[in-house]
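J.: just the structure for this:
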Amino acid sequence: MKVLLCSLIAFLCVVNAFAANVSTTKEEFCSDRKDHNYFKELLEDDNNRLSFSNRGGLLNGGVCWWHSRFQRNSIYLTMYNPDLPTPTDKEAKKIISNIRKGKKIVIIPGFDNFNDFSRKYYSLIQKELEKWQRRDGFIRQSWITGLSGNYEVSADELANKMDNLYDYVVENTNIAYQKLQLEGIEAHAWLVIDMKKTYNGYKLIVVDSNYLNARTHEYTYGDTYFEYGLSWKFVPYTEQKKELKRLKKVIKKYCANVL
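T.: Prediction:
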């Protein structure tokens, strides 16, 4: 029994050590990203997601669009060096800004996962998300996208959207950013990280900024809308595809000379 227990403890230590050492060097970073399911697997792990849910923002209405985009940027572009000292607030602000911009690979020192980093620097990340929201809202007027789209469509249209989403997420291995057009002028957002075919539709696995855990939503052929909570109707619209293409280009350039 003692031998079995020691073997089990040793095995668990090896597993934990492996999990803590994901993408700590350029070679590991580039090798990891050759696996098309790597990003999905990262987002399925609580350790790689933001430690806080959607909150704050203009009129305390949240920053869900930017929370989701920041989360996706972090999955594609960050790597970790836990052996280095943790960043100062000034250094952390620069790291957070670079993640938001999504134009370069970002090394996070002093941590081995994004959840711990975001917990320590929550207030700095929240400020960056709110600044991002203000700039997009007032300068780029992206709030207009929250007024476009319908919260209910024909069964054929929604079926087509779900079939296309499956191709985008599963066949082409993308993390999809979707705007959720709710009834009225409200719009939310989530990340679709995986989909499973069912006998009469699809199961969506999503990271929703209103929750800390990954969640599932069911779609059945013939539906004309999804339901959010107990009463909100909504239709999801895949957006920010160009942003994802840019993230992939950054990775491709960074890994160009890595065998």
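J.: other SSEs contacting the helix or strand encompassing Glu157?
T.: Element membership for Glu157, per DSSP states H and E: helix 155-166. Counting contacts by 3 or more C-beta pairs under 8 Å, 6 or more residues apart in numbering; DSSP states H and E, helix 155-166 packs against strand 187-198, strand 201-208, strand 232-239. The way it works is simple: take the backbone N, C-alpha and C, and place the C-beta from them, glycine included.
J.: now render those as CSV, adding distance to Asn98.
T.: As requested, those are exported to CSV (distance: least, C-beta to C-beta, whole Å):
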stretch, distance to Asn98
strand 187-198, 20
strand 201-208, 21
strand 232-239, 23
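J.: so can I have JSON lines of those showing mean neighbour count?
T.: Shown next, in JSON lines, are the helices and strands packed on helix 155-166 (neighbours: other C-beta atoms under 10 Å):
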{"stretch": "strand 187-198", "mean neighbour count": "20"}
{"stretch": "strand 201-208", "mean neighbour count": "20"}
{"stretch": "strand 232-239", "mean neighbour count": "19"}
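J.: any chance of those strands in a markdown table, with distance to Leu158 and mean pLDDT too?
T.: Shown next, in a markdown table, are the helices and strands packed on helix 155-166 (distance: least, C-beta to C-beta, whole Å; pLDDT from 0 to 100):
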| stretch | distance to Leu158 | mean pLDDT |
| --- | --- | --- |
| strand 187-198 | 14 | 96 |
| strand 201-208 | 10 | 98 |
| strand 232-239 | 7 | 94 |
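J.: may I have the helix holding Glu157 exported as CSV, CA atoms only?
T.: Extracted C-alpha coordinates of helix 155-166, given in CSV (Å, rounded to 0.1, in the frame of the first residue of the first chain):
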residue,chain,number,x,y,z
ALA,A,155,-34.8,28.4,-38.1
ASP,A,156,-32.9,28.1,-41.4
GLU,A,157,-30.8,31.2,-40.6
LEU,A,158,-29.8,30.0,-37.1
ALA,A,159,-29.1,26.5,-38.4
ASN,A,160,-26.8,28.0,-41.0
LYS,A,161,-25.0,30.1,-38.4
MET,A,162,-24.5,27.0,-36.2
ASP,A,163,-23.1,24.9,-39.1
ASN,A,164,-20.7,27.7,-40.1
LEU,A,165,-19.7,28.1,-36.4
TYR,A,166,-18.9,24.4,-36.2
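J.: so for that helix, mean pLDDT?
T.: In this model, helix 155-166 carries a mean pLDDT of 98.
J.: next, the angle strand 201-208 makes with that helix.
T.: Put simply, helix 155-166 runs at 60 degrees to strand 201-208, going by axes from the mean of the first three to the mean of the last three C-alpha atoms, to 10 degrees.
J.: got the buried residues for helix 155-166?
T.: By 16 or more other C-beta atoms under 10 Å, the buried positions in helix 155-166 come out as 158-159, 161-162, 165-166.
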